[in-house]
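>>> Here's my sequence, what's the structure:
(2 chains)
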Amino acid sequence: MKDNRRDFIKKSTSLAAAVSIGSIASSIANPLLLKEGRSGSGVSNLAKDAGMQASEAYFSGMNERKIALLKQMDVFGAVGGINTKMVALDDAKPYEEKSVAAVKNAWSKVGLNFNVVEGPPSLGEKTKLGLEGRDEEIANFITFMKSLSKAGVDVICYNWMPVISWYRTDKARPGRGGALVTAFDYEVIKDAPLTPYGVVTKETLWKNLEYFLKAVIPEAEKVGMKLAMHPDDPQVDSIKGVSRIMTSVENFKKLVDLVPSPSNGITMCQGNFSLMGTDIPSVVKYFGKRKLIHFVHFRNVQDLSGKKPSTKFTETFHDEGQIDMYAAMKAYYDIGFKGPIRPDHVPTMAGDSNDFPGYSTIGSLFAWGYIKGLMESVQKRKA
Amino acid sequence: MSDNRRGFIKKGATLAASFSAAGVSGYALSGETVNKKSIKDNVGNKIEWPVADNPDTPRICVGLSMDADEKTMRQAKQIGIDYVLMGGPKIPWTEEGLRTIMNRFKENGLTVINMMIGGHPNTIYGREGRDAEIKNIQDSLQAAGAAGLPVVEYNFYADRLMEGYYEKKARGGSGYTAFDYAPVKDLSAKPEIGIHKTDELWNNLTYFLKAVIPFAEKAGVRMALHPNDPPIPVSHGSSQIMATLKDWKRLISIVDSPSNGITFDCGVTREMGEDPVEVCKYFGERDRINHVHYRNVIVEQPYVKYSEVFLDEGQVNMFDVMKQLISMKYKHGLYPEHPRALDYDREHPGGIKNQYPGGGGYTGETYNVGFARAMMLAVLSM
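Purely as a prediction, here's the structure:
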């Protein structure tokens, strides 16, 4: 697109000569084209993607088709984990410098910017549960941050959901036009047996989180790493005896106050924040003002429980669901968010596989059309 | 604009009621009701969310074949489409014939809002047999009115210059549909068509409009003439008479009726070097926009050299066009057409469903519809 535009501007200088050809000249009543040619045409005088880093998740690895398609969508950020097998370093540890550099390089080779770690090497259970061996995990995490920093990656999306992470009770719920979406209903699992870890209390989780932050945030500051805590998904009280704490705006405020630092930030996952029962613009404003939003998951959901926080919900297409997406995008733009943003979960559409629920290729195309439309609109609304 | 918003807010009250049917049809499947209170609490904005098409907004639509199977209809529904357009059957149309087609779509949640009518070459060339064609079109318009089809679109080309289109490489290896007049401007006339000059074609179009528009009016149907695209002056030796803004204005002056309207194509408008917002305003204020093609272009030289590009780039200010349409309460079809060629469609047999080099298929259209929907939401939220 950039090349194209430059090309156009270059050409527009010779337009003055060109427009005098034959009958065509008389029809150009207004000097619009020339004027636009000089000032940059149409969209081109706006910041690309409203100044944000349009990014896509590649959790199934370097999916060639998806990479090609997203480049055609003009989306160049790549979000994923460090998989050493992907770069033929089977014996290396994922947090080592050479692993990180190789992965970063592999993405660069296909023309994408690996800008956020979300996925392996995920922070371990020992740290979150406060078990023996956590100091080693934390030391590895610090090494990981240093490796990332050297490779030029500065955001880590992490979460505080030990044992049971992302959880859904339905991964193939029929949505609009029969597209498949994921859903969660607490009723279905409320009597599920405890995990081998027994009951894990909120106090334990908070204590361990504080321990982690105090050890890691000073180191993160040194290497310019931005930690971005993802809300618990689902943001319910507990699952199978394991408590959840990243489940309310209050708790997120508490998180960032535990160790105040530009490195101690959040992933603004709209779906979960909305299901907590809060409105997105106010949350964006609160954390955005403090420059603590390091990553955005731009998605939509629909509560089905009537409760706050929601105990039953479904994911939706971007243009349905309970979140006013324009208001949300406007909020990010207004606080000057410049970081990575990705569509997160999308419905699985006809013709696509549901092997990775939430990451359908066609679904992400619709999402990107919608997101790019919003990005352009929020900039133009004042024009 | 402010009128519009008020109208919209008013409708918001009824939206809540229709919510489970319209915006989130998926949930109805399992018989659950959506909690309305939490939605309201979450919005805190001037409009009700989600924004659905309402009687005062453009109707975002896509084109399907009139024989489209259920799978294809489902694909359209998934991207939030409630309205479709298509090429109509062979003329003369009958009420029953149209109803059969329209009902099949209706059963799948889609309303047919526009059919393209064709099969009138003698009318275009002013040859013997044109009165029979015109009679067929008059009957078709009556049938359309009776069947509840609001808009009938048509073309008026002596011989469209398809030869000038070529695929141009775009971002990530996707395709633009580019056009260059220079190599094809001297292509000769086909013997079966011959050469048709400007005055002759205008006479033929005038004859047609005077015969047909009163029928359309009576039937409550709006006709939409698509501009000549590419908008070059001469094609295969024949003139093009719908290829300048002056031509478009002349068209609507021939018979003064809302049934005598245009398809406003902001892409073609820009191809002619005109300002899409101004042109949209001109025809919209006169209630002569009966259909909209919503697409973007990068023009190197007006009329003769340009590329059809992604909606999010190019020289048409898509946001301002949407704003203009909504401010005038434009409420007919809005077709985010001409998807770009994407690898996904190229790799799937039958994925490219487009007659244009560099044109794409379903996934490209999916992107376009998402973009148009977001623009509409943004304007309504202002």
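
>>> of all of the stretch 101-250 of chain A, which residue lies closest to chain B?
A:G177 (3.1 Å; CB to the nearest CB). For every residue, glycine as well, the C-beta is placed using N, CA and C.

>>> can you confirm that residue is in a helix?
Yes. Assessed by DSSP: H, G, I helix; E, B strand; the rest coil, A:G177 belongs to a helix.

>>> Can you give me the pLDDT of it?
For A:G177, the model assigns a pLDDT of 92.

>>> Could you list the low-confidence segments of the chain?
You didn't pick a chain, so chain A it is. Along chain A, the model assigns pLDDT under 70 to residues A:1-45, A:382-383.

>>> that answer is for a different chain, and I need it for chain B
Looking at chain B by pLDDT under 70, you get B:1-53.

>>> can we see that at 90?
B:1-56, B:348-355, B:380-382 (pLDDT under 90).

>>> so where do the strands sit in it?
B:59-63, B:83-87, B:111-116, B:151-154, B:165-169, B:175-180, B:222-225, B:234-235, B:238-239, B:260-265, B:289-293, B:296-301, B:305-309, B:333-335 (DSSP state E).

>>> near chain A, which residues of the stretch 51-200 of chain B?
Within the stretch 51-200 of chain B, the positions near chain A by CB under 8 Å from any CB of the partner chain are B:51, B:71, B:74-80, B:109, B:170-174.

>>> Which members of those residues occur in helices, if any?
Here DSSP state H is the test, and these give B:71, B:74-78 as lying in helices.

>>> before we move on, the earlier item: would TSV of the strands of chain B with distance to B:A372 be doable?
Converted to TSV, the strands of chain B look like this (distance: least, CB to CB, whole Å):
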stretch	distance to B:A372
strand B:59-63	5
strand B:83-87	12
strand B:111-116	15
strand B:151-154	18
strand B:165-169	23
strand B:175-180	18
strand B:222-225	18
strand B:234-235	30
strand B:238-239	34
strand B:260-265	14
strand B:289-293	10
strand B:296-301	11
strand B:305-309	15
strand B:333-335	7
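
>>> and of the ones you listed, who's closest to B:E128?
Relative to B:E128, the nearest member of the strands of chain B by CB to CB is strand B:238-239, separated by 18.7 Å.

>>> The closest one: partners in the sheet, and parallel or antiparallel?
Looking at strand B:238-239 with DSSP bridges, its partner strands are strand B:234-235 (antiparallel).

>>> before we move on, the earlier item: mind putting the strands of chain B in CSV, mean neighbour count included?
CSV is the format used below for the strands of chain B (neighbours: other CB atoms under 10 Å in any protein chain shown):
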stretch, mean neighbour count
strand B:59-63, 24
strand B:83-87, 21
strand B:111-116, 22
strand B:151-154, 24
strand B:165-169, 16
strand B:175-180, 25
strand B:222-225, 25
strand B:234-235, 22
strand B:238-239, 21
strand B:260-265, 25
strand B:289-293, 26
strand B:296-301, 25
strand B:305-309, 25
strand B:333-335, 27
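
>>> Looking at strand pairing, list the partners for A:E118.
Beta-bridge partners, per DSSP bridges, of A:E118: A:C157.

>>> thought it was touching A:A78?
No. Taking contacts as CB atoms under 8 Å, A:E118 lies outside contact range of A:A78: 10.4 Å.

>>> sorry, back to before: who wins on neighbours among the ones in helices among the residues of the stretch 51-200 of chain B next to chain A?
The residue in these with the most neighbours, by other CB atoms under 10 Å in any protein chain shown, is B:A76 (27 neighbours).

>>> Stretch A:313-324 vs chain B: in contact?
Yes. In terms of CB under 8 Å from any CB, part of stretch A:313-324 sits within range of chain B, namely A:314, A:316-324.

>>> Out of those residues, name the ones that lie in helices.
Counting by DSSP H, the residues of stretch A:313-324 next to chain B place none of their members in helices.

>>> farthest-separated two in these?
Counting by CB to CB, the most remote pair of those is A:T314 and A:D324, 17.6 Å apart.

>>> and these two? which has more neighbours close in?
A direct count of neighbours by other CB under 10 Å for A:T314 and A:D324 places A:D324 higher, at 28 against 25.

>>> residues in contact with A:R381?
A:R381 is in contact with A:330, B:319, B:378, B:382, counting by CB atoms under 8 Å, 6 or more residues apart in numbering or on different chains.

>>> Would you mind listing what in the stretch 101-250 of chain A touches chain B?
Counting by CB under 8 Å from any CB, the stretch 101-250 of chain A sits next to chain B at A:173-179, A:181.

>>> ok, of those, which one's closest to A:S149?
A:S149 lies nearest to A:V181 out of these, by CB to CB, at 37.2 Å.

>>> I'd like to know how far that closest one sits from A:A172.
Counting by CB to CB, to the nearest Å, the gap between A:V181 and A:A172 amounts to 8 Å.

>>> what residues are shared contacts of these two?
A:T348.

>>> Comparing these two, which shows the higher neighbour count?
When A:V181 is set against A:A172 and neighbours are counted by other CB under 10 Å, the residue ahead is A:V181, at 28 against 12.

>>> just checking, that one touches A:R299?
No. Between A:V181 and A:R299 there is no contact, the gap being 10.8 Å when judged by CB under 8 Å.

>>> Which neighbours do those two have in common?
A:315, A:345.

>>> give me every residue that touches the residue of the stretch 101-250 of chain A closest to chain B.
By CB under 8 Å, 6+ apart, A:G177 lies in contact with A:350, B:25-26, B:74-79, B:109.

>>> Mind naming the longest helix for the chain?
This is for chain A. helix A:202-223.

>>> Correction: the question concerned chain B.
helix B:198-219.

>>> Could you check the angle that helix makes with strand B:260-265?
Angle, helix B:198-219 to strand B:260-265, by axes from the mean of the first three to the mean of the last three CA atoms, to 10 degrees: 110 degrees.

>>> List the contacts of helix B:198-219.
B:120, B:123-126, B:130, B:134, B:137-138, B:141-142, B:144-146, B:152, B:156, B:158, B:222-223, B:238-239, B:241, B:250-251, B:254-255, B:257-260.

>>> just to revisit the earlier point, in strands only, show me the residues of stretch A:313-324 next to chain B.
A:T314.

>>> Can you say which of the residues of stretch A:313-324 next to chain B are buried?
Buried members of the residues of stretch A:313-324 next to chain B, counted by 16 or more other CB atoms under 10 Å in any protein chain shown: A:314, A:316-324.

>>> so where do the helices sit in the stretch 251-382 of chain B?
Using DSSP state H, counting those that start in this stretch, the helices of the stretch 251-382 of chain B run over residues B:266-271, B:276-285, B:318-327, B:343-347, B:362-381.

>>> who does the second one touch, helix- and strand-wise?
Spelled out, that is helix B:276-285. Here helix B:276-285 touches helix B:245-254, strand B:260-265, helix B:266-271, helix B:318-327, going by 3 or more CB pairs under 8 Å, 6 or more residues apart in numbering or on different chains; DSSP states H and E.

>>> Packing partners of the third one?
Helix B:266-271 sits against helix B:276-285, strand B:289-293, strand B:296-301, strand B:305-309, with contacts defined as 3+ CB pairs under 8 Å, 6+ apart.

>>> Just the CA atoms of that helix, as CSV, please.
Provided in CSV are the C-alpha atoms of helix B:266-271 (Å, rounded to 0.1, in the frame of the first residue of the first chain):
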residue,chain,number,x,y,z
CYS,B,266,-18.3,5.9,-5.8
GLY,B,267,-15.5,4.0,-7.5
VAL,B,268,-16.7,5.0,-11.0
THR,B,269,-17.2,8.5,-9.8
ARG,B,270,-13.6,8.7,-8.7
GLU,B,271,-12.5,7.0,-11.9
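
>>> Of the contacts of A:G177, just say which sits nearest to B:T94.
For the contacts of A:G177, the nearest to B:T94 is B:G109 (24.6 Å; CB to CB).

>>> Please report how far the closest one lies from B:G97.
B:G109 is 21 Å from B:G97, by CB to CB.

>>> ok, now B:I262?
Distance of B:I262 to B:G97, computed by CB to CB: 27 Å.
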